[in-house]
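> A structural model of the following input is requested.
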Amino acid sequence: MNFDSSQPTVLLIEDDLIFTEIYLAYLENEQVKLTRMETGTKALEYLQKNTPTVILLDLGLPDMNGMEILEHVQQRQLSSNVIIVTADNSIEIVVKAMRYGAFDFLEKPLQKNRLIVTLRNALQHNVLSQKVDFYKNKLKQQRYNNIIGISQPMQAVYHIIGNIAKSNASVLITGETGTGKELCAQAIHKESQRKDKPFIAINCAAITKDLMESGIFGHVKGAFTGAMTDRQGAASMAKDGTLFLDEIGDMDLMLQSKLLRFVQEGTFYKVGSDKLEKMNIRFVCATNRDLRSDIKFGRFREDLYYRLNVVPIFLPPLREREDDILLLARIFLKEYVLASQKSFKAFSPEVEQIFLRYEWPGNIREMQNLIERVVLLNNGQMVTTDMLPTYLFEVSSSLIEQRETPLSTSHVINTPPKVIRSLEEVEKKAILEAIKFYQGNIIQAATLLEISPATIYRRLKKWGIPPTSFES
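You can find the predicted model right below:
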């Protein structure tokens, strides 16, 4: 990455010609482009169109207080570092200037070495800020293969995939319907050393129990009624690649035992054959079911669960990815507008608020379907509330009422004794202790507490605790 290496610009805001000459003399050997403005008005006009690297700002301007320039820089969030030059170095001035983000102070009369050192520090700070911003953006990826999401929970998912993709470990992806489990499996494959080999997906819930074994392992001619020829199964087609078994929780128990042998030994028999087949593949499975509960009630083999769950990945529901909701909605809008040759450009602010309030029980798949339907059935430049299905308003209104309606006095009871702590206090203590136990590893803490990492990130945000504060 090449950061801006062009000659840095310095804006000098100074009305006194004598001091201007001093600046020019002191900085004549510095590799900067110096621009001077003698009034605050001209400086503000300049800043409307330009963002200098550093601003040398005299507070005693003829038409305004230089502090107004500093406030303007902060309000517009300009990247310029402002060095205050003043004869008044009172505590009040210093505190106010620091509040508005001043980089440093120079007291009149100016000392050459002090000016040069301060300016060089400000220029270097600007370069470092560029690098920090770049790496922050790089680390906070918007896309990972075909997965879209900039939220903290999705950054955690990207991190896990990046760490385990090149291994041969089995992966179990869990999450609600519509959260993108197959996209996650594809990302694991594309980042692995098997990326040039086949990725074969089979939905265990979409094939009848009688045909599932053949679908996975294949069959030979005459193995059963209708088996007119030999047939390869998904396992053979995935040779040296990745086999993705979606909805693994719906697999029949008898077939689970045969899959267990395949996972353990890499061998299987085609239906109707006594020839042992050996295949080198990587297993990635997914489910929206609670497999631990299924194990408890005898619906899923415990030994198979632990074989498949070497690396667990939890995909958070869309309602726990608040930063991604509008990002995804806008991307889907562009895609469907392009496909249908419509003219929509954006969502109205009211529509975006409804999207943010809605719980999205069908997650990303529900959002995709909704936006596609809106685009196909309507015309215009902007998606407005009258184009949305009515159930979105009903759910949103219900949520608003729940959040805004205070408890009536009839629900108030006697204050509990101090020995009883609120549920939030208990939850906070448990989460913080779990994170501390795992030395800041939120993924492991979430696994211990049997909650999603997204839940921990949302709680920390609510409590004002940055996740980075746990890093050693």
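> run through this structure and note the low-pLDDT ranges.
Applying pLDDT under 70 to the chain picks out residues 1-6, 89, 132-140, 394-423, 471-472.
> what's the domain layout of it?
9-138, 144-314, 318-404, 423-470 (automatic domain parsing).
> just the CA coordinates for stretch 306-314, please, in PDB.
C-alpha atoms of stretch 306-314 as PDB (Å, rounded to 0.1, in the frame of the first residue of the first chain):
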ATOM      1  CA  TYR A 306     -17.800 -34.400  18.100                       C
ATOM      2  CA  ARG A 307     -16.200 -35.700  14.900                       C
ATOM      3  CA  LEU A 308     -17.900 -33.000  12.900                       C
ATOM      4  CA  ASN A 309     -17.700 -30.200  15.400                       C
ATOM      5  CA  VAL A 310     -13.800 -29.900  15.500                       C
ATOM      6  CA  VAL A 311     -14.200 -26.300  14.500                       C
ATOM      7  CA  PRO A 312     -17.500 -24.700  15.400                       C
ATOM      8  CA  ILE A 313     -18.600 -21.500  13.500                       C
ATOM      9  CA  PHE A 314     -21.800 -19.700  14.600                       C
END
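> quick one on the thing from earlier: please identify the most buried of the domains of the chain.
Among these, ranked by average contacts under mean count of other CB atoms under 10 Å, first place goes to domain 144-314 (a mean of 18). (Glycine included, C-beta is placed from N, CA and C.)
> endpoints of stretch 376-383, how far apart?
Terminal residues of stretch 376-383 are spaced 12 Å apart (CA to CA, to the nearest Å).
> who touches that stretch?
With CB atoms under 8 Å, 6 or more residues apart in numbering as the test, stretch 376-383 has contacts from 333, 336, 340, 342-348, 351, 374-375, 387.
> kindly report the same for stretch 319-337.
Outside stretch 319-337, the residues touching it (CB under 8 Å, 6+ apart) are 142, 148-154, 318, 342-344, 346-347, 352, 355-356, 359-360, 364, 367-368, 371-372, 375-376, 383, 452, 454-455, 458.
> surely Leu448 meets Tyr438?
Yes: Leu448 is within contact range of Tyr438, at 7.2 Å (criterion: CB atoms under 8 Å).
> quick check: the farthest pair among the contacts of stretch 376-383?
The largest separation in these, counting by CB to CB, is between Ser340 and Ser348 at 19.3 Å.
> longest helix in the protein, please.
helix 112-139 (DSSP state H).
> name every sheet partner of whatever helix or strand comes next after that helix and say whether each one runs parallel or antiparallel.
Counting by DSSP states H and E, the next helix or strand C-terminal to helix 112-139 is strand 143-144. Paired neighbours of strand 143-144 in the sheet (DSSP bridges): strand 147-148 (antiparallel).
> helix or strand right after the strand it pairs with?
Per DSSP H and E, the first helix or strand lying C-terminal to strand 147-148 is helix 152-164.
> contacts for the next helix-or-strand element following that following helix?
Sequence order places strand 171-174 as the next helix or strand after helix 152-164, per DSSP H and E. For strand 171-174, the surrounding residues in contact (CB under 8 Å, 6+ apart) are 164, 181, 184-185, 188, 248, 283-288, 291, 305, 308-315.
> ok, Ala335 to Leu388 distance?
Quick fix: residue 335 is Glu, not Ala. To Leu388, Glu335 is 18 Å away according to CB to CB, to the nearest Å.
> do Lys429 as well
In this view, Lys429 and Leu388 are 42 Å apart by CB to CB.
> then Leu448?
Distance from Leu448 to Leu388, by CB to CB: 41 Å.
> do Gly233 as well
Distance, Gly233 to Leu388, using CB to CB: 44 Å.
> cool, Gly272 as well?
When distance is defined by CB to CB, Gly272 is 54 Å away from Leu388.
> and if you look at Glu107?
From Glu107 to Leu388 the distance is 61 Å (CB to CB).
> surely Ala43 touches Val73?
No: using CB under 8 Å, Ala43 is not in contact with Val73; the gap is 10.1 Å.
> show me what contacts the residue nearest to Asn363 when sequence neighbours are not counted?
In this structure, Asn363 finds its nearest non-sequential neighbour in Gly178, 3.5 Å apart by CB to CB, 6 or more residues apart in numbering. By CB under 8 Å, 6+ apart, Gly178 lies in contact with Leu318, Gly362, Asn363, Ile364, Arg365, Glu366.
> among the residues you listed, which two are most distant?
That would be Leu318 and Arg365, which, of the contacts of Gly178, are the farthest apart (CB to CB) at 9.5 Å.
> which SS class is Phe244?
Following DSSP: H, G, I helix; E, B strand; the rest coil, Phe244 is assigned to strand.
> show me the contacts for it.
Taking CB under 8 Å, 6+ apart, we find Phe244 in contact with Glu182, Ala185, Gln186, His189, Phe199, Ile200, Ala201, Ile202, Val284, Cys285, Ala286.
> and which of the residues you listed is nearest to Glu38?
Comparing the contacts of Phe244 against Glu38 with CB to CB places Gln186 closest, at 61.4 Å.
> let me know the angle separating the one helix or strand that closest one maps to from helix 152-164.
Gln186 is part of helix 181-190 when elements are defined by DSSP H and E. Orientation check (axes from the mean of the first three to the mean of the last three CA atoms, to 10 degrees): helix 181-190 against helix 152-164 gives 30 degrees.
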